[in-house]
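Peer 1: Make a model of this:
(one chain, ligands or ions: 1)
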Amino acid sequence: MKISSPRGTSDIYGEDIDYRNFIINTARKIFEIFNYSEIITPAFEYTQVFSRSIGEGTDIVQKEMYTFMDRKGRSLTLRPEGTASIVRAVIENKMYSENMLLKLFYIGNMFRYERPQKGRMREFWQLGIESIGTDNPVIDAEVIWILNSFFIKLGFKNLILLVNSMGCSRCREKFLAEFKKYIKPELGKLCNDCQNRFEKNPLRVFDCKKNSCKSILASSPEVSSYLCSGCKRNFKEVLECLKILKIKYRIDKNLVRGFDYYTKTIFEIISEDLQSAQNALGGGGRYDNLISQLGGPEIPAIGFAVGIDRTMMLMKQLNLKFKKLTRKTRVYLITMNKNCQIYSLDILKYLREMEVTCDINFSNKNLKKEIKWARDNNYNFIIIIGEDEINSGSLTIKDIKKFKQYKVDWKNQKDKIMEIIGANYYD
Ligand code: HAM
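Peer 2: Got it, this is the predicted structure:
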């Protein structure tokens, strides 16, 4: 039997690792500036953590969760997203406090049983933040600001930031009544999934990607038209802050996002360069009732998550360049036989203790071939160790970028090596 990775999963290696590290390092830097601390939660939770937060009627809970019984008959689920787990962790570890904003970030793999296609995986990676403790609209703007800065720092220029407000539970009740009235006569024209969605959780009809359903929704009432005065004011203040911060946005009155926990501000960052339906690079919103819904105190919160795989895919498609953080000094030791290899262990040990990136040849090819290989693989120094060097206790160092050669007395003048190869390692 040919063994392959499960459908919808991928191995990440080579150039993709450089992209991924760049994306993650960029995020970490921004999160640090905005004073977020990292949290790591388990990759699986009790199923209820997700079903109670994301919503029983959502596609994620209905069709996309990897749920299984453990050996003691407990229902567990691989996390399909990060927010519910973080809220569970915040409540369980009592991380919240009344007067302090809790700012957390996370990076992790998520699992959704979706039909795999370009940019849509069954295991994918997200990085995200959750800001827990206030419903001040300045924080909404700050969270969007972080998302926006992150993509600018990655080099993106033409992304579109969509914003909308879902209102509070009172606004939503009014809206739902009108929405149901509108959809009822059209119900037969909706796809089977949407007819089910409408029964269980009418708002989820908005998540449908089918054009026939989308066209029916095009003239439906909009959630933002049913905002109470408080929610209207709140949204206006968020938009004012975005203007002051010079963050360009587009109000999308049909944006509802696929989770039940959202209240008030929601947003998504999309790219028209991603030609599939999977054009969202990231998204998020406020979830003021989720913490109390999961058994914690009434604490408002807001956050977002970015799809790392999708971001990487688009960076490659757009040919966005970044500077790879590489160690400047890379040393390759070329030993001429087994005896020299043993002798050179001591040199390798010294170099690695000095935090120099170095390697050694494992098969003894001819010297010319080894030097060419070192040059092709971005080493800037080679150290040659042959019988002569062992007998005289010396080393030959070649600077292969500058074509210079040095002889060093290994036994008595170890420090000379560092003088030659330099101590500033990062490009
Ligand atoms: P989400 O919109 O479901 O939000 O996911 C965020 C991002 O994860 C998407 O924009 C997309 O880039 C990526 N993503 C989602 N599903 C897949 C998939 N199957 N394959 C590849 N990438 C995918 C959330 O997950 C919320 N927890 C965000 C949030 C945080 N809201 C408040 N706080």
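
Peer 1: Which positions in the stretch 51-200 of the chain make contact with the ligand?
Peer 2: Counting by C-beta under 6 Å from any ligand atom, the stretch 51-200 of the chain comes close to the ligand at 81, 82, 83, 112, 114, 119, 120, 121, 124, 126, 128, 130. To be clear about C-beta, it is placed using only N, CA and C from the backbone, and glycine gets the same treatment.

Peer 1: which other residues reach the helix or strand harbouring residue 17?
Peer 2: Per DSSP states H and E: residue 17 is located in helix 15-33. Contact with helix 15-33 is made by 12, 38, 105, 107, 125, 127, 129, 146, 149-150, 153-154, 306, 308, 311-312, 315-316, 322, 324-325, as judged by C-beta atoms under 8 Å, 6 or more residues apart in numbering.

Peer 1: Which of the residues of the stretch 51-200 of the chain next to the ligand fall in helices?
Peer 2: Among those, the members falling in helices (DSSP state H) are residue 83.

Peer 1: returning to that earlier point: what about burial for the contacts of helix 15-33, which qualify?
Peer 2: Among these, those buried by neighbour count (16 or more other C-beta atoms under 10 Å) are 105, 107, 125, 127, 129, 146, 149-150, 154, 306, 308, 311-312, 315, 322.

Peer 1: same for the next helix or strand after the helix holding residue 17, what does it pack against?
Peer 2: Where DSSP H and E defines the elements, the next helix or strand beyond helix 15-33 is strand 37-38. Strand 37-38 is packed against strand 102-111, with contacts defined by 3 or more C-beta pairs under 8 Å, 6 or more residues apart in numbering; DSSP states H and E.

Peer 1: The strand it packs on pairs with which strands?
Peer 2: Strands that pair with strand 102-111, judged by DSSP bridges, come out as strand 37-38 (parallel), strand 123-132 (antiparallel).

Peer 1: Redo those strands as a markdown table? Include mean pLDDT.
Peer 2: Below are those laid out as a markdown table (pLDDT from 0 to 100):
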| stretch | mean pLDDT |
| --- | --- |
| strand 37-38 | 98 |
| strand 123-132 | 98 |
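
Peer 1: Distance to residue 96 for the ones you listed - can I get that in TSV?
Peer 2: Converted to TSV, those look like this (distance: least, C-beta to C-beta, whole Å):
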stretch	distance to residue 96
strand 37-38	14
strand 123-132	6
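
Peer 1: Between those, which one is closest to residue 271.
Peer 2: Set against residue 271 and scored by C-beta to C-beta, the strands paired with strand 102-111 come closest in strand 123-132, at 16.3 Å.

Peer 1: Flag every buried residue along that closest one.
Peer 2: For strand 123-132, the neighbour count (16+ other C-beta under 10 Å) marks 123, 124, 125, 126, 127, 128, 129, 130, 131, 132 as buried.

Peer 1: cool, stretch 338-354 as well?
Peer 2: By 16+ other C-beta under 10 Å, the buried positions in stretch 338-354 come out as 340, 341, 343, 344, 347, 348, 350, 351, 354.

Peer 1: what's the neighbour count on the residue in the stretch 251-400 of the chain positioned nearest to the ligand?
Peer 2: Distance from the ligand to each residue of the stretch 251-400 of the chain (C-beta to the nearest ligand atom) is smallest for residue 307, at 2.3 Å. Residue 307: 23 surrounding residues under other C-beta atoms under 10 Å.

Peer 1: Tell me which residues touch it, please.
Peer 2: Applying C-beta under 8 Å, 6+ apart to residue 307 gives the contacts 119, 124, 125, 126, 280, 281, 282.

Peer 1: hmm, 7 Å instead?
Peer 2: Residues near residue 307 by C-beta atoms under 7 Å, 6 or more residues apart in numbering: 124, 126, 281, 282.

Peer 1: Quick check: the first one touching residue 113?
Peer 2: No - between residue 124 and residue 113 there is no contact under C-beta atoms under 7 Å: 12.0 Å.

Peer 1: quick one on the thing from earlier: next up, phi/psi of the residue of the stretch 251-400 of the chain closest to the ligand, please.
Peer 2: Phi and psi for residue 307, reported as degrees, to the nearest 10, are phi -80, psi 110.

Peer 1: How about the one 4 residues further on?
Peer 2: The phi and psi torsions at residue 311 (degrees, to the nearest 10) take the values phi -60, psi -40.

Peer 1: what residues are up against it?
Peer 2: By C-beta under 7 Å, 6+ apart, the contact set of residue 311 is 23, 154, 281.

Peer 1: what about the closest residue to the second one other than its chain neighbours, neighbour count?
Peer 2: Which is residue 154. Nearest-residue entry for residue 154: residue 26, 5.9 Å, with adjacent residues in sequence omitted and distances by C-beta to C-beta, 6 or more residues apart in numbering. By the criterion of other C-beta under 10 Å, residue 26 has 20 neighbours.

Peer 1: ok, and what's touching stretch 262-275?
Peer 2: Under the contact criterion C-beta under 7 Å, 6+ apart, stretch 262-275 has outside partners 119, 140, 144, 147, 151, 159-168, 231, 234-235, 238, 255, 257, 279-289, 302, 314, 317-318.

Peer 1: Out of those residues, which sit inside strands?
Peer 2: Judged by DSSP state E, strands contain the following of those: 160-165, 280-286, 302.

Peer 1: Just the buried ones from the residues you listed?
Peer 2: With burial judged by 16+ other C-beta under 10 Å, the buried subset of those is 161-165, 280-286, 302.

Peer 1: got these as CSV, with pLDDT columns?
Peer 2: Converted to CSV, these look like this (pLDDT from 0 to 100):
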residue, pLDDT
161, 98
162, 97
163, 98
164, 96
165, 96
280, 94
281, 97
282, 98
283, 98
284, 98
285, 98
286, 98
302, 98
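
Peer 1: farthest-separated two in these?
Peer 2: Farthest pair in these (C-beta to C-beta) is 165 and 281. Separation: 21.2 Å.

Peer 1: Please name the spatially closest residue to residue 383 (chain neighbours excluded).
Peer 2: Using C-beta to C-beta, 6+ apart, the closest residue to residue 383 is residue 333 (4.8 Å).
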